[in-house]
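**Q** Take a look and give me a structure for this.
(2 chains)
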There are 2 protein chains.
Amino acid sequence: MTSQDTATHVLDEVVALEPLGENLYRGRTHEAYANMVGPFGGTTAATMLAAVLQHPERHGDPLALTLNYAGPVAEGEFEIEARPARTNRSNQHWWIEMRQGDDVVTTATAITGLRRETWSETEAAAPAVPAPEEVPSAGADRGVKWVENYDMRFVEGGWDAVAAGEESPGSTTTMWIRDAPARGLDHLALTAMCDSFFPRAFLRLGRPVPAGTVTLTIHFLATADEIAAQGTDFLLGSVHSHRFHGNYHDEAARLWGRGGTLLATGTQLMYFKS
Amino acid sequence: MTSQDTATHVLDEVVALEPLGENLYRGRTHEAYANMVGPFGGTTAATMLAAVLQHPERHGDPLALTLNYAGPVAEGEFEIEARPARTNRSNQHWWIEMRQGDDVVTTATAITGLRRETWSETEAAAPAVPAPEEVPSAGADRGVKWVENYDMRFVEGGWDAVAAGEESPGSTTTMWIRDAPARGLDHLALTAMCDSFFPRAFLRLGRPVPAGTVTLTIHFLATADEIAAQGTDFLLGSVHSHRFHGNYHDEAARLWGRGGTLLATGTQLMYFKS
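**A** Now for the predicted structure:
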């Protein structure tokens, strides 16, 4: 932990919510995480989860989160309603909705739960890659502000090919990533990182094209203790697409700790034009 | 198409809903798809999607569906509320909730949308396997009724190892599957098939253990025309887990048509005991 791991990290400002009443919170977009249109979807996802995490009836740690990006989030204030739909002994199901005026801009469901020890095994090992210290940091010159909040170190399928206009035969990007400045890992930071890969259509086509996430599902495969144990270290993320067709493509991401702990999967459907 | 592909197929009885008023439908569980506890989750998912498909305001074909199994569905009647949260020019976002009395038993979100032609490519090719005609049908003696509605032909990681009490070194199951009796493929049948794999914990541990899906996300990677073009032919499904830990494990499934068209991915989080 460093002196930068404090409650004043900009990510904590982004996800800060003011309680307005039962199940209701108010937040606002933050210019530090601006995307092409509206805020970075990863911080929108983290903010929706933050409403659940600070809800007084919350039961357990996040197990799963599905975010549906229903419409553009305008700069400024928004309200989030987070409501437990059902509370069981070992888990809890949540409805979450972000609104601006009369517009629903984001919908989500989340599941929180208590975990206990069982037989444990990781089948999906992290790919063999150089340590982050041996890989240069990617430049932040990608036309969007939010990437400045991350130290990304591409080991495969990096931004350089896109910048150079080179098509790629595969859609895999593998990178080291951590918050910049550093911040101790928690479910909020991990959620945002699950959405931090640039669109796979850019890599395949060798150029930025209109593209955006329609829906993102995160499965937390690690306990809260395992997530906290990553501290401020780099995570290794790898993502690829199964199919591009009919102006949509999927993305399947996995994020490991440096020691090989598989922390989460992130599965997206994106629209794209070509 | 055969004479069995009619509106009287038992799957159509299962997903049949009676409109009760604005956004509200009534259905009931069907004994033909009974699971260990309550109905087969695949048909519950298909029934939730059916409410969207018959909604008078529906705009476009299914793109994505996330089902959260909040609690056991009791035998008998249920109500489904399906409400468009936001309708855009090219897509639409849905809230769906299944209730029995005062209990929320299932929650879901769905996205429907219009598709148009773009650059198209499938990266995830179907595994090389024998044709379904060369593989024997699996027996239906697995302690649950719903499997009798499918012709499943295992080519890797089949049920025999579980029945024999043999642990497996990997979690992959690959199988041919179609409705039995035959039924023309549509989004409803495909949705149910995305949940038709037995739990990966069974395969790894070599024995049935208490296990159940907590959340299932389906991404439809094919157009409605491509799905319909499969007719009554077998689909090839393959599934594996990334990690088993803390009494939860994930499952990542892909389903292709016989000709290699990638139709959908299904991503689950399951609880299990060991």
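
**Q** CA atoms for contacts and neighbours, from now on please.
**A** Will do.

**Q** Other residues contacting whatever helix or strand residue A:175 lives in?
**A** Per DSSP states H and E: residue A:175 is located in strand A:173-179. The contact list for strand A:173-179 (CA atoms under 8 Å, 6 or more residues apart in numbering or on different chains) reads A:132, A:149-158, A:189, A:193, A:197, A:232-240.

**Q** what lines up beside that strand in the sheet?
**A** Paired neighbours of strand A:173-179 in the sheet (DSSP bridges): strand A:150-156 (antiparallel), strand A:235-240 (antiparallel).

**Q** Looking at those strands, which one is packed in the most?
**A** Mean neighbour count (mean count of other CA atoms under 10 Å in any protein chain shown) peaks for strand A:235-240 among the strands paired with strand A:173-179, with a mean of 25.

**Q** Export it to CSV, keeping only CA atoms.
**A** C-alpha atoms of strand A:235-240 as CSV (Å, rounded to 0.1, in the frame of the first residue of the first chain):
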residue,chain,number,x,y,z
LEU,A,235,-3.5,-7.6,-13.0
LEU,A,236,-3.2,-9.6,-16.2
GLY,A,237,-6.1,-9.3,-18.5
SER,A,238,-6.8,-11.2,-21.7
VAL,A,239,-9.8,-10.8,-24.0
HIS,A,240,-10.9,-12.2,-27.4
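
**Q** can you give me the strands in chain A?
**A** A:18-21, A:24-28, A:61-69, A:77-87, A:91-100, A:103-113, A:121-122, A:150-156, A:173-179, A:211-220, A:235-240, A:243-245, A:248-257, A:262-272 (DSSP state E).

**Q** Ok, which of the ones you listed comes nearest residue B:265?
**A** strand A:248-257 (8.9 Å; CA to CA).

**Q** just to revisit the earlier point, so what's the gap between the strand holding residue A:175 and the chain middle?
**A** Remark: strand A:173-179 is offset 12 Å from the chain centroid, using CA atoms, centre = their mean, to the nearest Å.

**Q** That strand to strand A:248-257, inter-axis angle?
**A** Comparing the axes of strand A:173-179 and strand A:248-257 via axes from the mean of the first three to the mean of the last three CA atoms, to 10 degrees yields an angle of 60 degrees.

**Q** got the contact list for residue A:256?
**A** Contacts of residue A:256 by CA under 8 Å, 6+ apart are A:126, A:235-237, A:262-264.

**Q** which residues does it form a beta bridge with?
**A** residue A:236, residue A:262.

**Q** likewise residue A:251?
**A** Here residue A:251, judged by DSSP bridges, has bridge partners residue A:268.

**Q** In stretch A:167-183, which residues are buried?
**A** A:167-168, A:171-183 (16 or more other CA atoms under 10 Å in any protein chain shown).

**Q** Over to stretch A:135-154?
**A** In stretch A:135-154, counting by 16+ other CA under 10 Å, buried: A:137-138, A:140, A:145-154.

**Q** For these, work out which two are farthest apart.
**A** So, the buried residues of stretch A:135-154 by CA to CA: farthest apart are A:145 and A:154, at 18.3 Å.

**Q** Which positions in the stretch 151-274 of chain A make contact with chain B?
**A** Neighbours of chain B within the stretch 151-274 of chain A, by CA under 8 Å from any CA of the partner chain: A:170, A:215, A:217, A:219, A:221-223, A:241-250, A:262, A:269, A:273-274.

**Q** Which secondary structure element of chain A has the lowest mean pLDDT?
**A** In chain A, no helix or strand scores lower on mean pLDDT, DSSP states H and E than helix A:159-163, which sits at a mean of 94.

**Q** now for that helix, which elements pack on it?
**A** Counting contacts by 3 or more CA pairs under 8 Å, 6 or more residues apart in numbering or on different chains; DSSP states H and E, helix A:159-163 packs against helix A:200-205.

**Q** Cool, thanks, talk later.
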